[in-house]
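*Asks:* Give me a model of this one.
(2 chains)
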Amino acid sequence: MPDNNRALVSMAQQFSGLPIKALISAPLLAGAEANSKMAITQTQFLLSTCFNVTGSSGSEEYKPIMINMTLTRSVIKPDGSAGDPVETKFDLPLLTIMPLNSLAVDSITVNFEMEVKSSFSNDKETSSESESAAEGSFSAKVGFGCFSAEVSGSVSSSSKSASSEKSHYEKSNSAKYEINAHAGQLPLPEGVTTIIQAFSQCIAPIQLKPTGTTPPPP
Amino acid sequence: MQNYSEIQCPSCSGKILIDAKLLIQGGNFSCSNQSCDVSVSLSNSSYQVAGNAMREFETLKQNHTLIQ
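*Replies:* Numbers count the residues shown, from 1 in each chain, chains lettered A, B, ... in the order given. Now for the predicted structure:
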């Protein structure tokens, strides 16, 4: 006998046990941790590669590593012909040519999809079919003088009976948890930008004077 | 990712955009000011320093890619 009172799965009950907080906060915490690691790595790179460290522990002094650049300027002679290009040397902090960017996880998308399916169907099909067969016949013959009579008869009956019942119960759960984390480029921190600007604005060619010359009078 | 750096032109204070990868390969970079005919390149004495720094920077970028 099917259980006609079988209740469908309670959706609220299915969702109540979900660790929603953990599902959302775990990717965010992982993103923050990744950001922190990337920032530390970049800072260490910047200090170790672009600076020379002097001094003892606790009182380190970071001096920027300089690279020498050649500035080339074309020269046009008074007669209009091209002269030999003039080359000037100047020093540039290595830091200023490094394409530093602040890499960081700039977006995290958490998609959680949960599907609880519950269905119940009860198909009841009852048909009665019974089969019985009976057959009988009789005959009688009567004669009286010149009269005679003959009676004959037969009877039959049939019936069928069948019974069937179908019950169907279906329940399914599915869950999908999708995290999209994207790391992109953020603007450099204001402090780093200021340092780089300060370095790059101090670029000025220095005219070297020939040795043995006396400075001009003021 | 931005692959160039910007320095100030020593001659006209305009902008010179420098691609560090091309710089260590001997590239010249001109001032963005069209009336300024200055170009800059890396001096021979600094190729090693700049090359080492760029190699380390590429390694750092690859590690970041792995994190992503």
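
*Asks:* Give me the nearest residue to the residue nearest to the spatial centre of chain B, chain neighbours excluded.
*Replies:* Central residue of chain B (CA atoms, centre = their mean): B:Ala20, 2.9 Å from the mean position. Nearest residue to B:Ala20 in three dimensions, chain neighbours excluded: A:Ile97, at 5.0 Å (CB to CB, 6 or more residues apart in numbering or on different chains). (Each C-beta comes from the backbone N, C-alpha and C, glycine too.)

*Asks:* burial of that neighbour, as a residue count?
*Replies:* 28 (other CB atoms under 10 Å in any protein chain shown).

*Asks:* So A:Met98 sits against B:Phe57, correct?
*Replies:* Yes: using CB atoms under 8 Å, A:Met98 is in contact with B:Phe57, at 6.0 Å.

*Asks:* How about the contacts made by the residue nearest to B:Ala20?
*Replies:* A:67, B:5, B:7, B:18, B:20, B:23, B:50 (CB atoms under 8 Å, 6 or more residues apart in numbering or on different chains).

*Asks:* what about it, distance to A:Ala181?
*Replies:* Relative to A:Ala181, A:Ile97 is positioned 31 Å away (CB to CB, to the nearest Å).

*Asks:* Same question for A:Gly55.
*Replies:* To A:Ala181, A:Gly55 is 40 Å away according to CB to CB.

*Asks:* try A:Lys21
*Replies:* 19 Å.

*Asks:* Those two: which is more packed in?
*Replies:* A:Ala181 (17 against 8).

*Asks:* Give the helix, strand or coil label for the more buried one.
*Replies:* Secondary structure, DSSP: H, G, I helix; E, B strand; the rest coil: A:Ala181 is strand.

*Asks:* my guess is it meets A:Ile108, correct?
*Replies:* Yes: between A:Ala181 and A:Ile108 there is a contact at 4.9 Å, judged by CB under 8 Å.
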